[in-house]
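**Student:** Sequence first, predicted model second:
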Amino acid sequence: MTRLVVCMVLIAMLVTAATAVAQEGVEEESWYDRVSMSGYFHARYIDTDQEGEYDTFDFRRMYVTIRGEMDRTTGIITFSRVGPNDPNIDLYNAFVDYKIGDRYAIQFGQVPTWFGLEAWEGSSVRDTLERAKILEGGPGFYFAGAPDRGIWLRRAPTPETWEPLIIFGVWNGQFRSDDANDDKNVSLDLKWNAPWGQFGASWFDGTYVDGTGNEADRGAVDLYVRLFPAPWGVQAEWADGELLGADRDGYYLHGSYLMPNGTDKVYGRYQEFNADTAMTSTNYEAWTLGWARELDENNEITVEYTDGDWTSSGGEDQSSGGSDDMFGVQWQYAFR
């Protein structure tokens, strides 16, 4: 997309939002009635042989979100601590969400992605301890986290229709950093919600400049479907694209069973991840089994085991591989 087209899109979005803001009145109300706070953290015990066998107590992640609302405007600020081995508190999200009308809204700032299902959805509601490799670790398409800086326009579906939620975005493509070149990433997400579950499709295209100044294509497509557990649940997602000079694709198949007591859930997952360059090919396969118990509305315990394997091959029949097994116990505390 040329810079002229991108600038025209940005100007149109901002003028629309500014015009709507100018037409809104502000009611007298105490500031503390408009502000709320929510968040969660994950504390874990992990036993793994990913890089030599070791076990550790880990503080995996913490998110605290401050939300302010006034008329049609919502401001979001999220502070995070994402481990392991990172004691810093960072600014994760910082954006304004403005409702232009009953069906349209705009987000501007440092916004979490709408891509797919697991990359978009927060970790506090996910069954598995980590996202699929194709989406996060690996590295996957969002290896540096979900947020990016840009502008997104949403169109909500008409009630009682099969229209999707539509999100169009223009963004840097550098995660939480300023743009490092003259190109912008563009994205389109279609999301359908139904009483029985969710399904959707996502696409984005652009570039990424790494820490050494090398620029490479970064783009992907994603398809997903989810059947809510009642008591059986099914979830599947597939993504394919290019990142850091490698063609990447992967998928997962996920099943769960919500026990009659409503507080215990067992789940299983199979996933594959592939990354291919002109010289090398890397493959990851893993089975995951887990059990989660909701102690109350704020606390949940998850026990999980993953049996995974990495294999890689290069020129002259060179190949290598290794185990990526992991046993973990996680405590989640969430407040809303």
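**Tutor:** Alright, I've got the coordinates. Numbers count the residues shown, from 1 in each chain.

**Student:** Show me what the helix or strand encompassing W238 is packed against.
**Tutor:** According to DSSP states H and E, W238 maps onto strand 232-243. Counting contacts by 3 or more C-beta pairs under 8 Å, 6 or more residues apart in numbering; DSSP states H and E, strand 232-243 packs against strand 215-227, strand 246-258. All C-beta atoms are positioned from the backbone trio N, CA, C, and that covers glycine.

**Student:** ok now do the closest residue to W171 other than its chain neighbours, which residues does it touch?
**Tutor:** Spatial nearest neighbour of W171, excluding adjacent residues (C-beta to C-beta, 6 or more residues apart in numbering): G150 at 2.7 Å. Counting by C-beta atoms under 8 Å, 6 or more residues apart in numbering, G150 touches F108, V111, G169, V170, W171, N172, K184, N185.

**Student:** same check, this time on E300
**Tutor:** A292, R293, E294, W331, Q332, A334.

**Student:** Enumerate the beta-bridge partners assigned to it.
**Tutor:** E294, Q332 (DSSP bridges).

**Student:** Ranking helices and strands of this protein by mean pLDDT, which lands last?
**Tutor:** helix 3-22 (a mean of 50; mean pLDDT, DSSP states H and E).

**Student:** right, and the helix or strand after that helix?
**Tutor:** Downstream of helix 3-22 (by DSSP H and E), the next one is strand 35-48.

**Student:** what distance separates that following strand from the middle of the whole chain?
**Tutor:** Distance, stretch centre to chain centre, for strand 35-48: 16 Å (C-alpha atoms, centre = their mean, to the nearest Å).

**Student:** Contacts for that strand next, please.
**Tutor:** 53-69, 123-124, 129, 324-336.

**Student:** Could you list the low-confidence segments of the stretch 1-150 of the chain?
**Tutor:** Regions of the stretch 1-150 of the chain meeting the criterion pLDDT under 70 cover residues 1-29, 50-52.

**Student:** Using CSV, list the CA coordinates for the host helix or strand of W203.
**Tutor:** For W203, the element it lies in under DSSP H and E is strand 197-209. The C-alpha trace of strand 197-209 is given here as CSV (Å, rounded to 0.1, in the frame of the first residue of the first chain):
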residue,chain,number,x,y,z
GLY,A,197,-19.3,-20.7,19.4
GLN,A,198,-17.1,-18.5,17.2
PHE,A,199,-15.4,-18.6,13.9
GLY,A,200,-13.5,-16.2,11.7
ALA,A,201,-10.7,-15.3,9.3
SER,A,202,-7.8,-12.8,9.5
TRP,A,203,-5.2,-11.3,7.1
PHE,A,204,-2.4,-8.9,7.4
ASP,A,205,0.5,-7.8,5.2
GLY,A,206,3.5,-5.6,5.7
THR,A,207,7.1,-5.6,6.8
TYR,A,208,9.2,-6.0,9.9
VAL,A,209,12.6,-4.4,10.6
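
**Student:** Now do the buried residues in it.
**Tutor:** Under the neighbour-count criterion of 16 or more other C-beta atoms under 10 Å, strand 197-209 has G197, Q198, F199, G200, S202, F204, D205, G206, T207, Y208, V209 buried.

**Student:** if we can go back for a sec, buried only: go through the contacts of strand 35-48 for me.
**Tutor:** Buried among these (16+ other C-beta under 10 Å): 58-65, 123-124, 129, 324, 326, 328, 330, 332, 334.

**Student:** Could you tell me which of those residues belong to strands?
**Tutor:** 58-65, 326, 328, 330, 332, 334 (DSSP state E).

**Student:** Verify the stated contact: K265 with P229.
**Tutor:** Yes - between K265 and P229 there is a contact under C-beta atoms under 8 Å: 6.9 Å.

**Student:** Need the overlap of contacts for these two.
**Tutor:** S256, Y257, L258.

**Student:** between these, which is closest to I89?
**Tutor:** Nearest to I89, judged by C-beta to C-beta, of these is S256 at 33.0 Å.

**Student:** what's next to stretch 276-295, contact-wise?
**Tutor:** Stretch 276-295 has contacts (C-beta under 8 Å, 6+ apart) with 127-129, 133, 138, 245-248, 250, 263-275, 300-315, 324.

**Student:** now with 7 Å?
**Tutor:** Residues from elsewhere that reach stretch 276-295 (C-beta atoms under 7 Å, 6 or more residues apart in numbering): 127-128, 133, 138, 245-247, 263-275, 300-315, 324.

**Student:** just the buried members of those?
**Tutor:** Using 16+ other C-beta under 10 Å as the burial test, the contacts of stretch 276-295 include 127-128, 133, 138, 246, 265, 267, 269, 271-275, 300, 302, 304, 306, 308, 310, 324 as buried.
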